[in-house]
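Mind looking at a prediction? Sequence and model below.
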Amino acid sequence: MKTVDEHISDILESVAVLPARRLPLAAAHGCALATDVRATIALPGFDNSAMDGYAVRAADVEQASAQTPVRLPVTGEIAAGAAGPAPVAPGTAARIMTGAPVPPGADAIIQVEWTDGGTETVAVHQPARRGLHIRRAGEDVTPGSLVLPAGVVLGSAQIGLLAAINVARPPVRPRPRVAVLSTGSELVEVGKVVGPGQIVDSNSHAVSAAAREAGCEVRRLTGVPDDPAQFEAALRAVLPEVDAVVTTGGVSVGAHDVVKEVLTATGEVRFERVAMQPGQPQGFGVIDGVAVFTLPGNPVSALVSFELFVRPALRKMRGFTGPGRPSQVVTVAERLTSPPAKRSFLRVRVDRDTDGGLVAHSAGGQGSHHLSAAASANALLVVPEAVTVVEPGDQLTAILLTAEPADGILAGLAVDAAPATVASAVPALEANV
Ligand code: AMP
Ligand code: MG
């Protein structure tokens with residue numbers, strides 16, 4: 001049997017970073033920059049006032065005090081957006097607003113609170129050093145400087161900076177377009193009447209949500225019955241429109257496992273048994289340049305497989321280079337079991353105990369059909385292949401299903417921002433990314 005790590009590295013070797021595209025800022029939000037971005041302009045673009053007040057020559061107000069204010073004639077007003085303001089002559093002042101260009105001749109701004117606020121003449125109550133409250137051209141960004149390196153995930157501050165330097169369409173790695181295709185003749189679309197022997201198709205919704213959380217644009221295709229021709233037609237039709245396809249169901253050893261039947265025959269997908277639980281039957285291949293993941297049909301198996309194999313591949317396609325989900329060593333609270341020679345990913349709730357340590361409790365039934373436990377878990381407890389019994393107090397690694405900084409919408413300043421702590425952990429299904 002193949003190990004989990006071998007399967008992950010095989011997949012990562014086969015998928016490529018998506019080609020760069022220039023996207024408008026709103027669409028680029030949450031994406032990784034494809035190339036370094038250098039400024040072509042300065043920030044600020046010109047010397048401007050940091051205060052509402054008066055533009056003066058510092059030498060003229062040197063003697064100003066509350067007892068002996070200096071009176072200057074006010075020669076005009078300079079508003080934000082004014083172009084080419086008139087020079088300030090010695091012994092005069094101009095009213096000036098925040099963001100307005102500093103007029104020639106002036107070398108200090110007196111904030112309005114230090115004056116009587118006059119419009120004909122102004123009484124200045126305090127002296128000012130030269131340069132006071134003047135925001136100098138280029139003090140934030142100089143033309144030609146590297147403002148954002150390739151790989152940075154664009155959050156709100158990065159989007160603001162790009163706009164400020166007048167980059168309307170930054171080059172980014174686009175969001176992968178993902179088709180989610182559930183198969184099974186027993187499946188009914190949610191909200192419809194469920195007949196005898198039928199079940200509601202939950203996988204296509206869950207996996208679509210997981211793909212959206214991973215920053216993808218998702219097309220959900222449902223209701224593909226266990227019929228080879230219909231499955232193949234649905235798959236071929238969607239291939240030209242997407243970067244990845246994720247199927248669920250039909251990869252086991254049953255009589256109607258059509259996904260496996262069709263794609264084994266064409267030789268385009270390799271079906272393998274991976275030494276893990278849940279999620280042993282796995283398939284992966286690249287068809288016409290599109291990554292195709294065939295996940296098992298049991299709902300928890302599908303989600304865990306997505307987490308371990310699909311999500312890292314999508315991150316690579318997006319050009320994300322920082323660490324993925326955070327892992328933490330946790331203390332297990334209760335006795336748990338795991339099959340021999342398989343790596344288990346048990347659904348647990350990780351919380352802080354009174355000492356500040358992290359404790360993992362089973363989130364409920366550990367069957368691959370126990371969706372309610374998955375829905376109350378906030379972490380996957382990793383039980384190594386060699387371990388079959390976990391005793392209370394044992395320490396193991398847990399993958400925290402928190403939103404990553406690198407998921408984009410929540411990005412900080414860098415792709416390598418520190419992972420969220422468990423204190424702020426939210427269940428994966430709630431993560432709004
Ligand atoms: P399969 O891998 O097709 O043999 O399916 C394994 C189990 O998962 C069966 O009990 C299926 O009914 C169930 N299953 C398959 N697809 C879905 C789905 N889309 N939603 C919910 N359960 C499913
Ligand atoms: Mg099936």
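Sure thing, it's come through. Residues are numbered from 1 along each chain as shown. Ligands and ions are numbered 1, 2, ... in the order given.

contacts for the helix or strand in which L235 is found?
With secondary structure defined by DSSP states H and E, L235 is part of helix 228-238. Residues outside helix 228-238 that contact it (C-beta atoms under 8 Å, 6 or more residues apart in numbering) are 179, 181, 183, 219, 221, 224-225, 245, 247, 250, 258-259, 261-262, 287, 292. For the C-beta atoms, the positions are set from N, CA and C on the backbone; glycine is no exception.

Check those residues for burial and list the buried ones.
Buried by 16 or more other C-beta atoms under 10 Å: 179, 181, 183, 219, 221, 224, 245, 247, 250, 258-259, 261-262, 292, out of the contacts of helix 228-238.

Just to be sure, which of those residues are found in strands?
Using DSSP state E, the members of the buried ones among the contacts of helix 228-238 that fall within strands are 179, 181, 183, 219, 221, 224, 245, 247, 292.

Tell me the spatial nearest neighbour of the residue of the stretch 201-350 of the chain found nearest ligand 1, not counting adjacent residues.
The stretch 201-350 of the chain approaches ligand 1 most closely through G297 (2.6 Å), counting by C-beta to the nearest ligand atom. Nearest non-adjacent residue to G297, counting by C-beta to C-beta, 6 or more residues apart in numbering: G249, 3.2 Å away.

Listing partners with orientation, what would you give for the helix or strand of the chain with the lowest mean pLDDT?
Lowest on mean pLDDT, DSSP states H and E among the helices and strands of the chain sits strand 217-224, with a mean of 93. Note on strand 217-224: by DSSP bridges, its sheet partners are strand 177-183 (parallel).

Pick out the residue of the stretch 51-200 of the chain closest to ligand 2.
Nearest residue of the stretch 51-200 of the chain to ligand 2: G184, at 4.1 Å (C-beta to the ion).

burial count for that residue?
When neighbours are counted by other C-beta atoms under 10 Å, G184 registers 23.

Quick check: residues of this protein near ligand 2?
Listed as neighbours of ligand 2 in the chain under the rule C-beta under 5 Å from the ion: 184, 249-250, 297.

Compile the residues you listed into JSON lines and extend it with columns for distance to T98 and pLDDT.
JSON lines is the format used below for the residues of the chain next to ligand 2 (distance: C-beta to C-beta, whole Å; pLDDT from 0 to 100):
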{"residue": "G184", "distance to T98": "63", "pLDDT": "96"}
{"residue": "G249", "distance to T98": "61", "pLDDT": "97"}
{"residue": "G250", "distance to T98": "64", "pLDDT": "96"}
{"residue": "G297", "distance to T98": "61", "pLDDT": "97"}
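
Can you tell me which of these is nearest A206?
The closest of the residues of the chain next to ligand 2 to A206 turns out to be G297 (C-beta to C-beta; 11.7 Å).

does ligand 1 sit close to the helix holding L235?
No: Helix 228-238 does not reach ligand 1 (C-beta under 6 Å from any ligand atom); its nearest approach is 11.4 Å.

For that helix, list every residue counted as buried.
230-232, 234-235, 238.

Could you single out the nearest of these to H133?
Using C-beta to C-beta, those come closest to H133 at V238, 59.5 Å.

circling back: between the helix holding L235 and strand 244-248, how many degrees?
Angle of helix 228-238 versus strand 244-248, following axes from the mean of the first three to the mean of the last three C-alpha atoms, to 10 degrees, is 150 degrees.
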